[in-house]
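Chemist: Pasting a predicted model and its sequence here:
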Amino acid sequence: MNTLPDKHACFDLIVCGQIARDFLSANGETCERIGGIAYAASTAAKLGSKVGLVATITDPRWEEIIAELRKRDLDCTGVYPRPSEPLIYRIDGADEVVDQRTLRTGPLATDLAFPQVPDKYLGASVALLYPVNLQSCLVAALHLKKSGTKIAFDLQHDVDNLEDFEKLSSIADYVFLNSQTLLRLTQSNDIGAAVEIIRKSTQAPIIVKMGMAGSLIYENGCIGIPSFLSDFGLTVGAGDAYDAVFLTSILRGDKISQAGMSAALHTAAIIESTDRDPSTAILREEALSRRQPVFLAPEVASAKLIYIAGHFHSRPLETFILEIANAVERLGFRTYVPHRDTGVVGPTVSRQRAYNGDMDALHNAAALIGLLDGAGRGGTFFEIGASIERGVPVIAICTDPTQGVSNMVFSSCYAMDNGIKPAIVALVRLLGEYAGDT
């Protein structure tokens with residue numbers, strides 16, 4: 001294990017936020033994990049950081065949870081138990097690239113105010129704060145900053161408006177957030193323009209996480225960081241692990257671009273883990289070696305149209321097609337879905353209008369994703385054939401094992417698999433800008 005330089009009793013990282021229990025469901029199985037700040041804190045500790053926690057825990061099982069955190073070499077002096085109702089997240093589709101279905105039960109944010117930061121944590125190298133409770137988060141951040149601690153905020157889930165964002169970012173040394181949060185807060189559809197808006201409140205480095213498309217670091221200009229393709233196990237907590245590895249790398253003296261690369265690589269290993277403590281994955285050398293880096297710059301992705309073909313006269317299949325489109329759009333691509341964007345032939349849409357709309361989109365598409373389930377009338381196969389004729393790559397999805405697929409179709413496709421996740425991985429590999437292995 002690599003360790004950070006000895007700095008006597010001073011802590012390397014303080015993580016402030018909430019401690020939850022996560023029940024993560026994927027492929028018919030459920031994994032229970034300690035969630036919230038445990039993801040970032042455990043990852044940093046595995047990399048040799050001395051880590052302290054600041055949180056209020058309301059779970060009646062608090063003694064068991066704190067004992068587990070201590071086994072992970074985490075200092076829990078700043079964890080204050082106030083047993084009442086446990087904070088629980090139940091997440092379905094926890095291995096997916098589509099929107100995950102989350103049910104949250106437990107105390108409100110007002111009940112999760114940060115306790116006072118212990119004196120022993122003051123002067124730590126850096127603090128990573130999740131503002132589940134805005135006012136107490138600001139108090140804790142200012143207290144730590146006054147002691148010489150650098151302040152990093154992860155604003156991915158807990159900030160609802162630009163005003164609150166500005167209050168936090170104005171005192172930050174590092175700001176982490178994902179692209180969806182950034183665009184929502186600034187009401188923009190362009191990441192670069194959105195960063196210019198929030199630059200009015202902070203000059204700190206801004207790290208924008210884009211999932212499988214990579215990440216962007218805005219400091220003096222913009223640095224694109226690739227993601228590293230992996231076999232998805234459970235994706236929950238991956239962004240928190242990114243924060244922890246990034247900050248640990250900075251503490252070691254790495255350049256900010258090196259910190260981003262290290263964070264992306266270690267995150268790929270954590271995503272594959274289905275362990276109770278996913279941070280253990282970064283200790284396995286084979287989990288970090290020979291991964292393909294892929295980066296999708298927002299301006300590149302937004303310039304590409306992806307045609308989504310499939311049978312839409314069945315409500316389940318129509319829903320599935322829209323889920324595919326949503327997953328593609330999350331990467332920044334534009335999509336064309338025939339029944340959504342031109343309409344279904346009927347009283348308001350003529351056959352010629354539907355045909356022309358679909359053909360125009362096929363002509364402009366950079367790739368086609370075709371759902372073969374239920375594709376009995378031939379439209380989907382026509383769209384696949386027209387794409388192949390033009391040299392446009394086709395990625396096919398077939399979830400029905402009883403449906404035969406013609407060898408002509410199978411052999412013509414760039415990739416064919418049984419779900420959205422492998423199709424999206426194939427799309428990123430196809431259109432991403434990086435190639436090769438680490």
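Modeler: Structure received.

Chemist: From here on, just use CA atoms for contacts and neighbour counts.
Modeler: OK.

Chemist: What segments of the stretch 51-200 of the chain are helices?
Modeler: Ranges of helices in the stretch 51-200 of the chain, per DSSP state H, counting those that start in this stretch, are 62-71, 134-146, 162-169, 179-186, 191-198.

Chemist: how about the last one: buried residues?
Modeler: Yep, that's helix 191-198 we're talking about. Under the neighbour-count criterion of 16 or more other CA atoms under 10 Å, helix 191-198 has 191, 194-195, 197-198 buried.

Chemist: next one: it to chain centre, how far?
Modeler: 19 Å (CA atoms, centre = their mean, to the nearest Å).

Chemist: what's it in contact with?
Modeler: In this structure, residues lying in contact with helix 191-198 by CA atoms under 8 Å, 6 or more residues apart in numbering are 166, 179, 182-183, 186-188, 206, 298.

Chemist: Between the residues you listed, which sits nearest residue 47?
Modeler: residue 206 (22.9 Å; CA to CA).

Chemist: Ramachandran angles for the closest one?
Modeler: Dihedral pair for residue 206: phi -110, psi 120, per degrees, to the nearest 10.

Chemist: my guess is it meets residue 175, correct?
Modeler: Yes - Residue 206 lies in contact with residue 175 (CA atoms under 8 Å); the separation is 4.8 Å.

Chemist: Compare the two (neighbour count), which wins?
Modeler: Set side by side, residue 206 and residue 175 show more neighbours around residue 175, with 27 against 24, by other CA atoms under 10 Å.

Chemist: and the gap between that one and residue 375?
Modeler: Relative to residue 375, residue 175 is positioned 46 Å away (CA to CA, to the nearest Å).

Chemist: How is the chain partitioned into domains?
Modeler: 13-294, 301-431 (automatic domain parsing).

Chemist: Now find how far off-centre the first one is within its chain.
Modeler: Think domain 13-294. Averaging C-alpha positions (CA atoms, centre = their mean) puts domain 13-294 11 Å from its chain's average.

Chemist: now swap in the last one and tell me
Modeler: Taking CA atoms, centre = their mean, one finds the center of domain 301-431 at 25 Å from the center of the full chain.

Chemist: what's the span of it, first residue to last?
Modeler: 8 Å.

Chemist: Report the mean per-residue pLDDT for it.
Modeler: Mean per-residue pLDDT for domain 301-431: 90.

Chemist: quick one on the thing from earlier: just the buried members of the contacts of helix 191-198?
Modeler: Buried by 16+ other CA under 10 Å: 166, 179, 182-183, 186, 206, 298, out of the contacts of helix 191-198.

Chemist: and these, which two are the farthest apart?
Modeler: Taking CA to CA, the two most distant members of the buried ones among the contacts of helix 191-198 are 166 and 298; they sit 24.0 Å apart.

Chemist: Dump the buried ones among the contacts of helix 191-198 to JSON lines, plus distance to residue 323.
Modeler: Formatted as JSON lines, these follow (distance: CA to CA, whole Å):
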{"residue": "166", "distance to residue 323": "33"}
{"residue": "179", "distance to residue 323": "19"}
{"residue": "182", "distance to residue 323": "22"}
{"residue": "183", "distance to residue 323": "20"}
{"residue": "186", "distance to residue 323": "25"}
{"residue": "206", "distance to residue 323": "30"}
{"residue": "298", "distance to residue 323": "21"}
